[in-house]
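In: test case, fold it:
(2 chains)
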Amino acid sequence: MLIIVLRRLLQAVMVLLFVALISFLIFRYVGNPVESLLGQEATVAQRAALEEALGLKDPIYEQYADFVLRALQFDFGNSYRGALPVAELIALRLPATLELAMTSAIFAVIFGVITGIYTAINRGGFIANLILSTSLVGVSLPTFLIGVLLIWVFSVELNWLPSFGRGEVVELGWWTTGFLTASGVKSLILPSITLGLYQMTLIMRLTRAEMLEVLRQDYIRLAVALGQSKRQVYFFHALPNILIPVITITGLQLGSVIAFAIITETVFQWPGVGLLFINAVYFVDIPVMSAYLLLVGFAFVVINLVVDLLYLLIDPRLRDGQLKRGAD
Amino acid sequence: MSGNREMVAPLLEISRLSVVLDKRHQRFKAVDDLSFRVFPGEILGLVGESGAGKSMTGCAILGLIEPPLSISSGEITFDGVRIDQDASSIRGSKISMIFQDPLVSLNPLRKIGDQLVEVIRTHINISKAEAFGRAKTLLAEVGIDPGRINAYPHTFSGGMRQRVVIALALAPEPALIIADEPTTALDVSVQAQILDLLKRLCRERGTSIILITHDMGVISETTDRVAVLYAGRLAEIGKTSAVLKNPRHPYTKGLVAATPRIDANSFEKRLFQIPGAMPDLENIPKGCAFHPRCDFASTQCQKQQPPLFEDRSACWLSNEGSETS
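Out: Have a look, this model is predicted:
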């Protein structure tokens, strides 16, 4: 058990080092950092001084090691634009993105799992079919269109909810939260739905498919034949057995929600890292881009690590290091 | 059926049961006009090739038939109560079931003790601690160390898991257990152990068993009476010893002859095979369903479906004295 956890941790570190390598290579070889920083008119002496200062003359592996060590201390260099430290820029905007991603993920998981189970149990029923066909809309409409539609209905026509920004935020140390003010919470609703709708339909369809599959298993048939109630069959026997695939997909989706909140953040002018990244791309702000890459890689790795550990918690066969069902 | 048996009230009575499959405006009979009885404490074997309707009969008794299958006619009575419309009052509590493959019959994510407690508490109104104690007793009775009550299914072998499944089936203290090929998935040496265990525990408790199998060897070792099914119909029924020693229906004869025996000359002889295969639901022949495979078939067999003669055999030949037996 401990060995499995340690092995997973080691894998996570390896993946992060690899992401850091790509991030480093982008920084080092996409464009010329010296020209980007100094511009065309710099003298040869200035260039040499900066190359020395940036350590560009050192061997490549030393530069990489230096990059990793500095990244570990949240030092990603300065933004080309405005010359602010990249870490500071990201820290300023990260809470907005994380709060948005978390809210939409929780929304997606809760509604996705509930409707998934409902549509599986009441297969072929009127409401179940209605939910299923509506969910097709959720899958097929592009995010920006959903966002714009929601703004049109709830902000423009009904004037219930704000159409852009985070509303008022409260500062808790370096973290800013919108959860503690009415306008902050209101501002979260539309972007969360926009961002989470696709994930919700995905989780719902997955939950439904898994549930239907599990309900065909012999241990379910035996439980029914032994007279156990529907509640026992669905929640004691079936639900734990669908958790692994559902958690896997939820984890992957949470990663992409954080990474690709860009569109939603653009539509709602949400001051998160996605917007920061778009601007960085626009101005070829390489340090910001490479730091963003590292951040997203880190988010994915952490989420997957948590997912892996949850597997162990759910499935006793994996705890015993036994991967195949029925292998005695 | 022997005379004194008829004095005892049957535990389960199936009369003229038909189960149909509805498929694109057509109806096919999966179980056709089947009648038999199970008496308290007896072990009845249901034997036949795959697709003969054995398992479906078992499912029909527990009310586990689902569309596109349905019970189209007939009655199932348990202890004097009709259960063919609603079996929920007996499902698990009075009649329980054992499936073929123990490797997939237990929930892989739940401890065996929790699964036992769950079943016990569904049917018997006792506290969790008491149910836990009962679960331990049951495990000991099926030959599993009660200390392993908190183990997960994957830590047991196939035979051990089938023991756990037997404990599950016995947990609600049913009067009848339907065992659907309980040993087919197991090693031969384990098969005998499991059958002995099931038989012993049911004899001790006076529990009846319907043992569904395709193995005549299992039938002869385990059952008191046997019902031979062919294409959803009853071919022959009677005391196991009588049916096996003196089969009246040509199909039963075929089954008996096709059972391998291990003795000195078995190496020289080729094993008997019944020619042909059982018809599928959609192409059941007219008359006696077995006639295309029967060496003794007459024109009557092709035209008219034989009734059950002398409560024993559904074959026109068995009506003409017992020259075929």
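In: all contacts plus neighbour counts: C-alpha atoms, from now on.
Out: Fine.
In: ok, the closest residue to chain A within the stretch 201-325 of chain B - how many residues close by?
Out: Ranked by C-alpha to the nearest C-alpha, the top residue of the stretch 201-325 of chain B for proximity to chain A is B:Ile210, at 14.5 Å. Residues near B:Ile210, counting by other C-alpha atoms under 10 Å in any protein chain shown, number 22.
In: after the host helix or strand of it comes which helix or strand?
Out: With elements taken from DSSP states H and E, the one containing B:Ile210 is strand B:208-213. Following strand B:208-213 in sequence order, the next helix or strand is helix B:216-222 (DSSP H and E).
In: only alpha carbons, please: show that next one as CSV.
Out: As requested, C-alpha coordinates have been extracted for helix B:216-222 and formatted as CSV (Å, rounded to 0.1, in the frame of the first residue of the first chain):
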residue,chain,number,x,y,z
MET,B,216,-26.4,-36.2,-15.3
GLY,B,217,-23.6,-37.2,-12.9
VAL,B,218,-24.6,-34.3,-10.6
ILE,B,219,-28.2,-35.3,-10.9
SER,B,220,-27.6,-38.9,-9.9
GLU,B,221,-25.4,-38.0,-6.9
THR,B,222,-27.5,-35.2,-5.5
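In: near chain A, which residues of the stretch 151-300 of chain B are found?
Out: For the stretch 151-300 of chain B, the contact set with chain A under C-alpha under 8 Å from any C-alpha of the partner chain comprises B:152, B:154-157, B:169.
In: what sits against residue 109?
Out: No chain was given, so I picked chain A. Counting by C-alpha atoms under 8 Å, 6 or more residues apart in numbering or on different chains, A:Val109 touches A:200, A:203, A:250.
In: my question was about chain B
Out: A:240-241, A:314-316, B:152.
In: one step back: each with direction, which strands does the strand holding B:Ile210 pair with?
Out: Partner strands and pairing direction for strand B:208-213 (DSSP bridges) are strand B:43-47 (parallel), strand B:176-180 (parallel).
In: residue of chain A nearest chain B, please.
Out: For chain A, C-alpha to the nearest C-alpha, closest residue to chain B: A:Leu226, 3.7 Å.
In: re the thing from before, among the contacts of A:Val109, which are in reach of chain B?
Out: When C-alpha under 8 Å from any C-alpha is taken as the criterion, no member of those contacts chain B.
In: quick one: which of those is most hemmed in?
Out: When those are compared by neighbour count (other C-alpha under 10 Å), A:Met200 ends up highest, at 29 neighbours.
In: which is the succeeding secondary structure element to the strand or helix carrying that residue?
Out: Under the criterion of DSSP H and E, A:Met200 resides in helix A:182-215. Sequence order places helix A:218-225 as the next helix or strand after helix A:182-215, per DSSP H and E.
In: now do that next one against strand B:176-180, angle only.
Out: In terms of direction (axes from the mean of the first three to the mean of the last three C-alpha atoms, to 10 degrees), helix A:218-225 departs from strand B:176-180 by 160 degrees.
In: quick one, helix A:218-225 and helix A:182-215 angle?
Out: Going by the same axes, to 10 degrees, helix A:218-225 is angled at 90 degrees with respect to helix A:182-215.
In: so for whatever helix or strand comes next after helix A:218-225, mean pLDDT?
Out: Later in the chain than helix A:218-225, the nearest helix or strand by DSSP H and E is helix A:230-231. For helix A:230-231, mean pLDDT is 86.
In: how far does helix A:230-231 sit from the chain's center?
Out: Centroid separation for helix A:230-231 versus its chain: 34 Å, with C-alpha atoms, centre = their mean, to the nearest Å.
In: after it, next one along is what?
Out: Downstream of helix A:230-231 (by DSSP H and E), the next one is helix A:239-259.
In: pLDDT on that following helix, on average?
Out: Confidence for helix A:239-259, expressed as mean pLDDT, is 86.
In: can you list contacts of it?
Out: For helix A:239-259, contacts defined as C-alpha under 8 Å, 6+ apart pick out A:97-98, A:101-102, A:105, A:109, A:195-196, A:199, A:203, A:206-207, A:210-211, A:214, A:274, A:296, A:299-300, A:303-304, A:307, A:311, A:314, B:109.
In: so what's the residue in the stretch 1-150 of chain B that chain A sits nearest to closest to, chain neighbours aside?
Out: In the stretch 1-150 of chain B, no residue comes nearer to chain A than B:Gly92, which is 3.7 Å away by C-alpha to the nearest C-alpha. With C-alpha to C-alpha, 6 or more residues apart in numbering or on different chains as the measure, A:Leu226 is the residue that lies nearest to B:Gly92, at 3.7 Å, once sequence neighbours are left out.
In: got it, and A:Val169?
Out: If the residues on either side of it in the chain are set aside, A:Val169 comes closest to A:Gly178, at 4.6 Å by C-alpha to C-alpha, 6+ apart.
In: related to what we said a few turns ago, contacts for the strand holding B:Ile210?
Out: Against strand B:208-213 from outside (C-alpha under 8 Å, 6+ apart): B:38-48, B:54-55, B:175-181, B:184, B:202, B:219, B:223.
In: surely A:Tyr198 is in contact with A:Gly138?
Out: Yes: using C-alpha atoms under 8 Å, A:Tyr198 makes contact with A:Gly138 at a distance of 5.7 Å.
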